[in-house]
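Visitor: Prediction below, plus the sequence it came from.
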Amino acid sequence: MSAKQYVFNIIQPAERAGSRASRLFEIGIIALIIISVISVFATTFPISERVSDALYLLETVTVIIFSIEYLLRIWTADLLYPSLSGVRARFRYMRSWMAIIDFLAIIPFYLPLLIPVNLLGVRAVRLVRLLRVLKLNRYSEAMNAIGSVLKQKSHEIGVSLFFIGILMIISSLLIYYAEHDAQPDKFQNAFSGLWWAVATLTTVGYGDIYPVTVIGKILGAFIAISGIGMVAIPTGILSAGFIQHLEGKNSTAKYCPHCGKEI
């Protein structure tokens, strides 16, 4: 076995590689991801300089390991895509969803070293480190299931979200014209109405702005009732998708990707 093949077998998910070394590597990466995310939360609390230095050292070690992992996956990409040439296989991997997540997980550490930015900019960029939790998608069956269902039902979800967006825009304009004269400080423009429409359609109802005119109240009641059904549509689509996914895993039956009926 060549060195590249050996490394490839280790960095692949243990379920696919089926080796103890791969399992240990997987556990180590998962532990680093969890520790890294915890450290991001820890930096939001008042901490001593010694703890801050320790967290920075931990961050440095974590980024180095993630960087090596990212480079190794690029190096062995031709084994992941054996039908492609070495260069094409590496470019294809670098364009994949998981490779983009791996890149975004490490780039915030290097970016301030390459581009001078102010302190606020550094903090904003470092928040991207939270994307490291998405690296768990490579090792978690649950997150793989979520990604699979979202991909399978992307068209239906997109259509439902499109109609919800149209309803929000129409609602924001209607409530603006109904309430602007009575509450010019609350409904200053259509964007104020859009905030109200989002809170109403999702049945959150923060109560910071609300209609006071008769027409506005009638409109608000109609929009709230409409929102109950419209917002529930994506939930129903995802629920059906998860049921199909679980049924597909528990049986050998195949389902049509378009109608969902058993083939």
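Guide: Right, received. Where do you want to start? Keep in mind that what you see is a predicted model, and the values were worked out from it rather than measured.
Visitor: quick one: least confident helix or strand in the protein?
Guide: Least confident helix or strand of the chain, by mean pLDDT, DSSP states H and E, is helix 119-126 with a mean of 50.
Visitor: So, low pLDDT: which residues of the chain?
Guide: Residues of the chain meeting the criterion pLDDT under 70: 1, 14-18, 112, 115-144, 147, 248-263.
Visitor: show me where the stretch 151-263 of the chain has helices.
Guide: Along the stretch 151-263 of the chain, the segments classed as helices by DSSP state H, counting those that start in this stretch run 154-179, 190-201, 214-250.
Visitor: looking at those helices, which is buried most?
Guide: Neighbour counts averaged per stretch over the helices of the stretch 151-263 of the chain are highest for helix 190-201, at a mean of 20; criterion: mean count of other C-beta atoms under 10 Å. Placement of C-beta: from N, CA and C, glycine included.
Visitor: Report the inter-axis angle for that one versus helix 154-179.
Guide: Relative orientation of helix 190-201 versus helix 154-179 (axes from the mean of the first three to the mean of the last three C-alpha atoms, to 10 degrees): 120 degrees.
Visitor: looking just at contacts, which helices and strands does helix 190-201 meet?
Guide: When contacts are defined as 3 or more C-beta pairs under 8 Å, 6 or more residues apart in numbering; DSSP states H and E, helix 190-201 packs onto helix 154-179, helix 214-250.
Visitor: orientation of it relative to helix 214-250 in degrees?
Guide: Here helix 190-201 runs at an angle of 60 degrees relative to helix 214-250 (the same axes, to 10 degrees).
Visitor: Pull the residues that contact helix 190-201.
Guide: 164, 167-169, 171-176, 179, 186-187, 204-206, 209-210, 220, 223-224, 226-227, 230-231 (C-beta atoms under 8 Å, 6 or more residues apart in numbering).
Visitor: residues contacting Val149?
Guide: For Val149, the contact set (C-beta under 8 Å, 6+ apart) comprises 238, 241-242, 245.
Visitor: Redo the helices and strands packed on helix 190-201 as JSON lines? Include distance to Arg92.
Guide: Formatted as JSON lines, these follow (distance: least, C-beta to C-beta, whole Å):
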{"stretch": "helix 154-179", "distance to Arg92": "21"}
{"stretch": "helix 214-250", "distance to Arg92": "26"}
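Visitor: Arg88 is nearest to which of those helices?
Guide: Of all the helices and strands packed on helix 190-201, it is helix 154-179 that lies closest to Arg88, at 26.4 Å by C-beta to C-beta.
Visitor: for whatever helix or strand Phe8 lives in, packing partners?
Guide: Element membership of Phe8, judged by DSSP states H and E, is helix 3-11. Using 3+ C-beta pairs under 8 Å, 6+ apart, the elements in contact with helix 3-11 are helix 20-42, helix 49-75, helix 77-80.
Visitor: buried ones in the longest one?
Guide: Read it as helix 49-75. For helix 49-75, the neighbour count (16 or more other C-beta atoms under 10 Å) marks 55, 58-59, 62-63, 66-67, 69-70, 73-75 as buried.
Visitor: Next, work out how far apart Thr60 and Ser67 are.
Guide: 10 Å (C-beta to C-beta, to the nearest Å).
Visitor: right, I mislabeled it, should have said Leu113
Guide: For Leu113 relative to Ser67 (C-beta to C-beta), the value is 13 Å.
Visitor: what's the angle between the helix holding Phe8 and helix 49-75?
Guide: Per the same axes, to 10 degrees, the angle that helix 3-11 makes with helix 49-75 is 130 degrees.
Visitor: Residues in contact with helix 3-11: which ones?
Guide: When contacts are defined by C-beta under 8 Å, 6+ apart, helix 3-11 is touched by residues 1, 17, 19, 21-22, 25, 69, 72-73, 75-76, 79-80.
Visitor: Just put those in JSON lines and tack on distance to Ile101.
Guide: As requested, the contacts of helix 3-11 are exported to JSON lines (distance: C-beta to C-beta, whole Å):
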{"residue": "Met1", "distance to Ile101": "29"}
{"residue": "Ala17", "distance to Ile101": "20"}
{"residue": "Ser19", "distance to Ile101": "24"}
{"residue": "Ala21", "distance to Ile101": "23"}
{"residue": "Ser22", "distance to Ile101": "20"}
{"residue": "Phe25", "distance to Ile101": "17"}
{"residue": "Glu69", "distance to Ile101": "12"}
{"residue": "Leu72", "distance to Ile101": "16"}
{"residue": "Arg73", "distance to Ile101": "11"}
{"residue": "Trp75", "distance to Ile101": "18"}
{"residue": "Thr76", "distance to Ile101": "18"}
{"residue": "Leu79", "distance to Ile101": "20"}
{"residue": "Leu80", "distance to Ile101": "16"}
